[in-house]
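Asks: next one to model:
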Amino acid sequence: MRLVFVLFMAVTSLAALSPAKAGDAQTVIGVMLSELGAARPSGCPGRWCACYLDTVLARSGLLPTGSNKARDFASYGAQAEPGAVGSIMVMANHVGVVVGDCGNGQVQIVSGNYSNTVALGCYNPSRAIAWRAPVQQ
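Replies: Presented below is the predicted three-dimensional model:
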């Protein structure tokens with residue numbers, strides 16, 4: 001009986017998470033764009049794209065993953081439309097937020113640890129293993 005209650009509480013807690021509003025995604029983008037050129041944040045490991053995005057989510061009032069691994073974002077938040085501005089593009093070893101289109105079939109993302117800084121980069125959408133939307137706390 002206790003296990004059923006614990007499972008019930010876990011499921012209802014997950015159900016309470018709601019996808020972030022478009023304005024929240026714009027807040028995340030705004031924070032990241034204002035930090036273009038910034039170096040690895042204190043406390044983040046050598047591969048710091050996920051750690052950086054996690055700190056930006058938390059600073060924006062959104063639920064962080066609590067992980068320093070890009071791949072862990074594949075199960076984070078809610079499903080997002082591939083390539084949509086504000087969606088999180090999760091790749092095998094990198095993660096960032098879509099800010100636009102590069103005009104050549106690629107999406108432009110802002111991310112940490114792109115050439116060792118917070119920067120913009122263009123990626124083929126086929127590299128994505130997931131497209132996720134941030135969720136509110």
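Asks: these two touch, right, Ala74 and His94?
Replies: No - in this structure, Ala74 sits apart from His94 without contact. The criterion is Cβ atoms under 8 Å, and the distance is 12.0 Å. Quick note: C-beta positions are derived from backbone N, CA and C, even for glycine.
Asks: now the residue positioned nearest the centre of the chain. Nearest residue, chain neighbours left out?
Replies: Against the mean C-alpha coordinate of the chain, by Cα atoms, centre = their mean, the closest residue is Ile88 at 4.4 Å. On the basis of Cβ to Cβ, 6 or more residues apart in numbering, the spatially nearest residue to Ile88 that is not a chain neighbour turns out to be Arg132, at 4.4 Å.
Asks: how much space separates that neighbour from Ser34?
Replies: For Arg132, the distance to Ser34 equals 22 Å [Cβ to Cβ, to the nearest Å].
Asks: mind listing the helices for the protein?
Replies: Listed in chain order, the helices of the chain (DSSP state H) span 2-16, 22-34, 49-59.
Asks: list of residues touching stretch 31-42?
Replies: If you take Cβ atoms under 8 Å, 6 or more residues apart in numbering as the criterion, stretch 31-42 is touched by 46, 48, 51-52, 55-56, 59-60, 97, 99, 110-113, 116-120.
Asks: how long is that stretch end to end?
Replies: For stretch 31-42, the first-to-last residue distance is 17 Å (Cα to Cα, to the nearest Å).
Asks: what stretches of this protein score poorly on pLDDT?
Replies: Counting by pLDDT under 70, the low-confidence segments of the chain come to 1-23.
Asks: what residues are up against the closest residue in space to Cys49 that isn't next to it in sequence?
Replies: Leaving aside its chain neighbours, Cys49 sits nearest to Asn113 (4.3 Å; criterion: Cβ to Cβ, 6+ apart). With contacts taken as Cβ under 8 Å, 6+ apart, Asn113 has the following neighbours: 40, 47-49, 52, 94.
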